[in-house]
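A.B. asks: sequence and predicted structure, then a few things I'm wondering about:
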Amino acid sequence: MQTFFQTLTTGLSDGSIYGSLALALVLIYKATEVINFAQGEMAMFTTYIAWALMGHGSTFEWWAFFATLGIAFIGGAALQQTVIRPLERASVLTAVMATIALLVILNGLAAWIWSPQLQFFPSPFPTSSWVIGGVHISKQDAGTFGVVMACVLILWLFFRFTKLGLAMRAGALNPGAARLMGVRASWLLALGWGFAAALGAVSGMMVAPTVFLTPNMMQAVLIYAFAAAILGGLESPVGAIAGGLSLGVLLNMLGEYVHPVTTELRLPVALGILLVVLLVKPAGLFGRVVVRRV
Amino acid sequence: MKRLGNPIALAVLVLAVIAAPFVFSNYRTYQLAFVGLYLVALLGLDILTGFTGQISLGHGAFMGIGAYTTTILVVDHGVRDLWTIPLGGVAAGIIGLAFGIPATRFAGPYLALATFAIPLAFIGILKRYPHFTGGNVGKNLPQLHSELGWHTNPSIWFYVVCWVVALVMLPLAFLIVRGRFGRAMRSVRDSEIAAAANGVSTAGVKTLAFGISAFFCGVAGSLYAIGITYVNPDTFPIDLSILLLVGIVLGGAGSLYGMLFGALFVEFIRISWGPALLDLFSRVHHIDTHAPGSGLVVYGVVLLLVLYAAPAGAAGLARGLAGRPAFLRRKEDPSLSDPGLV
Amino acid sequence: MPALLELSDVTARYGQVVALHGVSLTVEDGEIVALLGANGAGKTTTLRSVSGTVRRSGDVVFGGKRLARATPEVVARHGVAHVPEGRGIFAELTVWENLRMGGYIVRRPDFATVLGYFPWLQERRNQQAGTLSGGEQQMLALARAFLSRPRLLMLDEPSLGLAPMITREVFRVVTELNQKEGLAVLVVEQNAAVALAAAQRGYVLETGRIAVAGSAAELKSNDAVRTAYLGY
């Protein structure tokens, strides 16, 4: 029973990280129908920036966390305006390649600026655990979950209650109609990228203490995030979070209780789960099957 | 003959291939052998992405399947390396088909994501069963040596093998692409709905395209293993799959001869041209060109520039921009192009 | 006095297809103008030429400003409210959220006045807009458009898919808005009868050109118009 709860909390913690990055992917996809393959590297890059702000040190600085969110936001918006916007009307393949190019550039840039050497990234949470009724709940897991969910909640409040958030939602639903109402669609895309980048930064900073800071650290996380986003239905923000949490819990449970599933198989298993879900529910767990006008 | 593409181009290519080992050093010839093998891989990926419109970010894994098939057969079962080439292709092709069956249910972005995970999953599986695959340590293949009673330098022998295979696969690709199946593929690419309405089994076409492209990559992978004489799980990372995709885009997706340019790029960019470009740059700006990551940055920036300037790749430039294929042309704002109820 | 809206020799194309061949028309302040014609005549394209959602050339002057190169966002901010065919409702947002979007460019949207014209919206505010009936959606679209304080309201086929009684109600509200608020209206309609009943003037488009122009009365008594569009 103890292991169950421990595995559950670790699963939720991992899942929140996947979910946050998945949400970033969904935000951009909803607004522009482009999958941002560079989302993981953007997260990685901003995490390096946080590390630099913290003076490469061993203690986590909250001011650096928030500063990084801001930098990520501006960076994301800037990337959209400079790199992505010119290709707005290009083919899908070109758009995909552009985000891949971005992925490559950011990966190389990180290695160039900070060297590919493994670095230690501090965690804001202590490594101890709470003991509740004999169950050990890692403060790190709980803290990660809390921080990520808090960020997601704030974002949700923004979308639900502010004029700009409403405009972004409307713009994603029906960009033509939104423009007729005076919404500057292009700026909103930049905002979308900005938010996505900030979410990615949260993901990166929360996962870095465990996987250590290297230029390739987000690649596996990105896959899990993709899987989570697809599980949730690529158009559903709620689905992205739910998908992430489910995936995190499921993978940890499988790893703990099903013995052939070792760490090397985590990724193939995730892919397998994804394929199975999609065969049964092609639009993901929360997605709607889009009826296309012929 | 029309079905095999421009006969003059083919003739020129054959002549160039024959002449090259006499002109270049052994090392260069060895590199050019890899160009031939990448050509096969890119032809395969082009069939799937350029002609059928399915974006795959996982075809490096099919190369890996071919490579490991060859390795295991040669090392553990003593099969002659040349015979394993088609076998590697077939193994990869079967897995490609198997993947293609469920994969056709996914539309564009979903498919791209699923394929993005294939190489990572493949690596995981390789590491999980070391008894079979040699795990992290990998496996070594026997050194190359020339066969068929011909005594020559292993590099040249490898070059010959690769290009014989390439020059067989190239016409094969043309046959596939120019025939009825090719039309079906292109109809799926250009408009799935219209294709389906015309009786084309889109799922069948996509699955078959997956299988065929995997076969080509498997063959290339077998050649790769034979040439490198060593495989391990890190030989076929996600980078390779991305590089292949970049190769077809730069060569010109939807063009088969363009893949030659793509193959040249894939082989040389990361080794020679990247650092050469950087050297040029560093003379102006004094940057440390041996820094890790700098090559990647150059590669990425070049890719972006090409995407802006020449989205149809080298083939597009050769054709002149007027010949830009429709599916690569700018996607118009639907409200601007849909007359609707005028 | 210059017209509120003036199109001079406007040509519009969708890719290679030319939909408008040099259309010229005017809408004066405070009047209702009907734009009639068969399917494919270019009525929707004309509205799009004003709002900037189609590639056009020629002169489009609104309130003295040249808008031929303007993007839809800019045109909207100049005071043109375009209710496109299909109404452009955000189906997944609530009625209230749709209204808020209508007031996007206005600093202090006047919800009170709007609710005065459409009182039933108040009780439906949290209903998902996609679940409203066709007539209700049309009313919502009108309310939304009105919230942006436009000087010109452009309606594309408001009667589409609506029962005659609902259509009459829609036009009653449009007329009320026109008379009480001085809102100019350019309405595209296939239902010529109901459009000419509300409008002061009208144009008839045929294959991208103005075929007939005149007051509503003139058009109603015009033999060609009567047989082709009014059915008697």
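C.D. replies: Noted; the coordinates are in hand. Residues are numbered from 1 along each chain as shown, chains lettered A, B, ... in the order given.

A.B. asks: can you classify the residue nearest to the spatial centre of chain A by secondary structure?
C.D. replies: The residue lying closest to the centre of chain A (C-alpha atoms, centre = their mean) is residue A:21, at 0.5 Å. Each residue gets one of three states, and residue A:21 gets helix by DSSP: H, G, I helix; E, B strand; the rest coil.

A.B. asks: quick one: contacts for the closest residue to it other than its chain neighbours?
C.D. replies: Counting by C-beta to C-beta, 6 or more residues apart in numbering or on different chains, residue A:21 lies nearest to residue A:225, which is 3.6 Å off, once chain neighbours are set aside. Just so you know, the C-beta spots here come from the backbone N, C-alpha and C atoms, and that holds for glycine as well. Going by C-beta atoms under 8 Å, 6 or more residues apart in numbering or on different chains, residue A:225 touches A:18, A:19, A:21, A:22, A:24, A:25, A:39, A:40, A:203, A:244.

A.B. asks: let's see 7 Å
C.D. replies: A:18, A:21, A:22, A:25 (C-beta atoms under 7 Å, 6 or more residues apart in numbering or on different chains).

A.B. asks: helix or strand: which one has it?
C.D. replies: Using DSSP states H and E, residue A:225 falls within helix A:219-231.

A.B. asks: what sits against the residue nearest to the centre of chain A?
C.D. replies: A:39, A:40, A:43, A:199, A:200, A:203, A:221, A:222, A:225.

A.B. asks: again, only using 10 Å
C.D. replies: A:39-40, A:42-43, A:148, A:196, A:199-200, A:202-204, A:207, A:218, A:221-222, A:224-226, A:228-229, A:240, A:244 (C-beta atoms under 10 Å, 6 or more residues apart in numbering or on different chains).

A.B. asks: and for residue B:209?
C.D. replies: Residue B:209 touches B:44, B:47-49, B:51-54, B:56, B:96, B:100, B:104, B:176, B:181, B:184-185, B:188-189, counting by C-beta under 10 Å, 6+ apart.

A.B. asks: residues in contact with the helix or strand harbouring residue C:74: which ones?
C.D. replies: Using DSSP H and E, residue C:74 sits within helix C:72-77. Helix C:72-77 has contacts (C-beta under 10 Å, 6+ apart) with A:175-187, B:335, C:48, C:50-53, C:60, C:62, C:65, C:67, C:70, C:80-82, C:104-105, C:145, C:148, C:150, C:152, C:154.

A.B. asks: what's the burial count for residue 220?
C.D. replies: The chain I'm using is chain A. The number of residues packed near residue A:220 is 18, by other C-beta atoms under 10 Å in any protein chain shown.

A.B. asks: looking at chain B here, not the other one
C.D. replies: If you count neighbours by other C-beta under 10 Å, residue B:220 ends up with 35.

A.B. asks: quick one on the thing from earlier: out of the contacts of residue B:209, which touch chain A?
C.D. replies: Restricting these to those near chain A by C-beta under 10 Å from any C-beta of the partner chain leaves B:49, B:53.

A.B. asks: give me the subset of the contacts of residue B:209 that lies in helices.
C.D. replies: Those of the contacts of residue B:209 mapping onto helices are B:44, B:96, B:100, B:176, B:181, B:184, B:185, B:188, B:189, per DSSP state H.

A.B. asks: hmm, stretch B:190-205 touching chain C?
C.D. replies: No - Stretch B:190-205 stays clear of chain C (C-beta under 10 Å from any C-beta), getting no nearer than 15.6 Å.

A.B. asks: what's the end-to-end length of that stretch?
C.D. replies: 13 Å (C-alpha to C-alpha, to the nearest Å).

A.B. asks: list the buried residues in that stretch.
C.D. replies: By neighbour count on 16 or more other C-beta atoms under 10 Å in any protein chain shown, the buried set for stretch B:190-205 is B:192, B:195, B:200, B:202, B:203, B:205.

A.B. asks: report the secondary structure state of residue A:102.
C.D. replies: Criterion first, three-state DSSP; result for residue A:102: helix.

A.B. asks: chain neighbours aside, what residue packs nearest to it?
C.D. replies: residue A:38 (3.8 Å).

A.B. asks: also residue B:112?
C.D. replies: residue B:55 (4.5 Å).

A.B. asks: list the contacts of the one you found.
C.D. replies: Contacts of residue B:55 by C-beta under 10 Å, 6+ apart are A:35, A:92-93, A:96-97, B:45, B:48-49, B:108-109, B:111-113, B:115-116, B:245, B:253.
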